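**Q** Sequence and predicted structure below; questions after.
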Amino acid sequence: MGPSRSAWRGGISHPERRPQASIGSLTAPRQHHLTIERKRAILAVWRWYAVHTHVAAEAKAASHLERQGFSVYLPRYLRRRSHARRIERVPRPLFPRYLFVSLNLAAPGWRAVRSTIGVLRLVSEGDHPLPLPERVIASVRAREDAAGMIALGDAAGLKSGDRVRIVDGPMADCVGLFDSATDQERVVVLLDLLGRQVRARVAATAVTACS
């Protein structure tokens, strides 16, 4: 039974009632406040996000994003190309039609990414951009050489016996075993052709590790 009206009027109180009133009036709003602040803190963190570009528009999109003040990362590698009887190495995007942009979703202006020249879309779930784990960008940057290009092939840490896939040239999509590097640009891959193991020399940039 609760206290009578005369007891409350006379100033007699039951101490065990006061903490219950305090819990109901103070603690719940405080928890709600902390939840809002926590969400704001999460949004205020700078994270990397993937940007899907139009065809062959990676460099154009990166340039226009940088002009707007965004921090952009467009990983590239040197691809071997034969042109006019000459062999040359030209920069190519590591992830065709994708680049990365650093955003703080709590700051104004990040939606301008979506309307930037060369950008098709910001990779999102619904209307919310999906952040990339920091280890993804860190692992890619760890493979950069002194010129800032991503090292592929033997320079990427392949060792004898590793399974590799050829991704460029007449033997593209063939799977074999990495054997050795003949120089900085060519590697030897062991391929099974018609039941026989054949040694093939291909460009270092034309192979990638596979499981």
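**A** Thanks, I have the structure now.

**Q** list the contacts for residue 175?
**A** 163, 164, 165, 166, 210 (Cβ atoms under 8 Å, 6 or more residues apart in numbering). Quick note: C-beta positions are derived from backbone N, CA and C, even for glycine.

**Q** Hmm, the first one is touching residue 192, no?
**A** No - with contacts defined as Cβ atoms under 8 Å, residue 163 does not count as touching residue 192, sitting 11.7 Å away.

**Q** joint contacts of the two?
**A** Common contacts of residue 163 and residue 192 (Cβ under 8 Å, 6+ apart): residue 176.

**Q** if I pick the closest residue to residue 192 other than its chain neighbours, what's in contact with it?
**A** Nearest residue to residue 192 in three dimensions, chain neighbours excluded: residue 176, at 7.0 Å (Cβ to Cβ, 6 or more residues apart in numbering). Residues in contact with residue 176 (Cβ under 8 Å, 6+ apart) are 163, 164, 166, 189, 190, 191, 192, 200.

**Q** I'd like those written out as a markdown table, with secondary structure added.
**A** Formatted as a markdown table, those follow (DSSP: H, G, I helix; E, B strand; the rest coil):
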| residue | secondary structure |
| --- | --- |
| 163 | strand |
| 164 | strand |
| 166 | strand |
| 189 | strand |
| 190 | strand |
| 191 | strand |
| 192 | strand |
| 200 | strand |
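
**Q** ChimeraX command to pick out the buried ones of those residues?
**A** For the buried members of these, the matching ChimeraX selection, counting by 16 or more other Cβ atoms under 10 Å, is:
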select :164,166,189,190,191,200
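
**Q** Tell me the one among the contacts of residue 176 nearest to residue 115.
**A** residue 166 (39.2 Å; Cβ to Cβ).

**Q** count of neighbours near residue 54?
**A** 14 (other Cβ atoms under 10 Å).

**Q** which non-adjacent residue is nearest it?
**A** Going by Cβ to Cβ, 6+ apart, residue 54 has residue 120 as its nearest residue, at 5.3 Å.
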